[in-house]
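Peer 1: this one's structure only:
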DNA sequence: GTGAAAAATTGCGTGCACGCAAGTTTGCGT
DNA sequence: ACGCAAACTTGCGTGCACGCAATTTTTCAC
């Protein structure tokens, strides 16, 4: 399905993402109205919400766009997954900084971690785990990644300032480490 | 802090929960307006939102109220946690049924699982785990419980795929089982 | 008790999310 | 090329979440 229709949809989706990000960078996320984004793209506000369920989602989508973690084979599962997640969250640019400025954006960005669950679950299942086990472990991995993100984004007492307690890759490795035993146990429970 | 002020706050909070639940049961969750709940309690709609951040939260709070998981000591950590979560989600009543009728309520209820994270983390830390490890594992437990809930609440998936769900306790045990290796590994990493 | 500080309630205004019922565009069979 | 059905867009209306500032209630020290 590479129809005109599909291409147009994708085009406006991307246009909305980019417009949202550009406006957020210029004016600060709080000062961007949905109406502006829509107008910048030449679309009605109502249509914006047909593409994105909230004001923040377009911005987050712009930062997350088109990226998917790929888990290498041939290494211990835990290591592969940890590396993949670290790679996935290796800063795609300094645009990421605006995330820290806005609570709603932070929440939305943290929720977006859910996007890695499906690929991770697939990778785990590919190692011979029961699909339901894979789903649970993937959810656990995502939860741990969320904890890492939360630590990274943790606010100080000072309004507007963020306390960065280590680099994000370090935090992710630290957060995922406790799950290693469960991930590496996958081989021992091939109850498929 | 058992001042008049505190007691009053708690009273209106409870009143709001109960009113919300009662109205939801009588008219269906979709047909309950925030205004009604507020009015039933004799409070302004604005005040409702000072107590609960959304329309659904009061209903969910009514079902979750005052319950906290307690993790027994003296048994393997994984077993204790699994039992505690199962007990926590053992249906206190059939009021739970309304949850299934409404997507927003389902989401809100699933999000409420987060409430077990703190107690679970405390229990894990009490076994000698590093607090950060405990936090991650608790998040993983909550994520697994969420998966179980999702499976339980998923009344209908794709037509043709059979609904394999059993009782909630069974689903929770099944979902938490894959995390056991990570939980039981806690002893081996007392990096306090 | 009395008055002032702290906390809670309230009304108001704004922007957002979304169901619904038109309108408009695109895809496709003939 | 035609025309119809499906998909997409749009305007409208409603209810909700929440910042803000004014008002009322509670607390506390004297």
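Peer 2: Received, thanks. Note that the structure is a prediction, hence the values are computed from the model and not measured.

Peer 1: pLDDT value on residue A:168, please?
Peer 2: Residue A:168 is assigned 89 on the pLDDT scale.

Peer 1: that one against residue A:91, yeah?
Peer 2: Yes. The criterion here is C-beta atoms under 8 Å, and residue A:168 meets it with residue A:91 at 7.0 Å. (Glycine included, C-beta is placed from N, CA and C.)

Peer 1: where does pLDDT dip in chain A?
Peer 2: Applying pLDDT under 70 to chain A picks out residues A:1, A:92, A:155-165, A:188-192.

Peer 1: spell out which parts of chain A neighbour chain B.
Peer 2: Listed as neighbours of chain B in chain A under the rule C-beta under 8 Å from any C-beta of the partner chain: A:132-133, A:135-137, A:139-140, A:142-144, A:146-147, A:174-182, A:184-185, A:189.

Peer 1: give me that answer again for 7 Å
Peer 2: Proximity of chain A to chain B (C-beta under 7 Å from any C-beta of the partner chain) is limited to residues A:132-133, A:135-137, A:139-140, A:142-144, A:146-147, A:174-175, A:178-179, A:181-182, A:185.

Peer 1: from the residues you listed, which ones fall inside helices?
Peer 2: Among those, the members falling in helices (DSSP state H) are A:132-133, A:135-137, A:139-140, A:142-144, A:146-147, A:174-175, A:181-182.

Peer 1: which two of these have the greatest separation?
Peer 2: Across these, the longest distance by C-beta to C-beta is 27.8 Å; it joins A:132 and A:174.

Peer 1: domain parsing for chain A?
Peer 2: By the assignment in automatic domain parsing, chain A contains the domains A:4-63, A:67-188.

Peer 1: look up how far residue A:70 lies from residue A:80.
Peer 2: Distance, residue A:80 to residue A:70, using C-beta to C-beta, to the nearest Å: 9 Å.

Peer 1: got a markdown table for the domains of chain A, with mean neighbour count too?
Peer 2: Shown next, in a markdown table, are these (neighbours: other C-beta atoms under 10 Å in any protein chain shown):
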| stretch | mean neighbour count |
| --- | --- |
| domain A:4-63 | 17 |
| domain A:67-188 | 18 |
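
Peer 1: JSON lines for these, including distance to DNA strand C?
Peer 2: Output for the domains of chain A, formatted as JSON lines (distance: least, C-beta to the nearest atom of the strand, whole Å):
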{"stretch": "domain A:4-63", "distance to DNA strand C": "3"}
{"stretch": "domain A:67-188", "distance to DNA strand C": "8"}
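
Peer 1: which residue packs closest to residue A:120, ignoring adjacent ones?
Peer 2: Counting by C-beta to C-beta, 6 or more residues apart in numbering or on different chains, residue A:120 lies nearest to residue A:138, which is 4.1 Å off, once chain neighbours are set aside.

Peer 1: which stretches of chain A form helices?
Peer 2: A:4-27, A:34-41, A:45-51, A:55-64, A:77-88, A:97-101, A:103-111, A:117-126, A:131-153, A:168-176, A:180-184.

Peer 1: thank you kindly, that will do.
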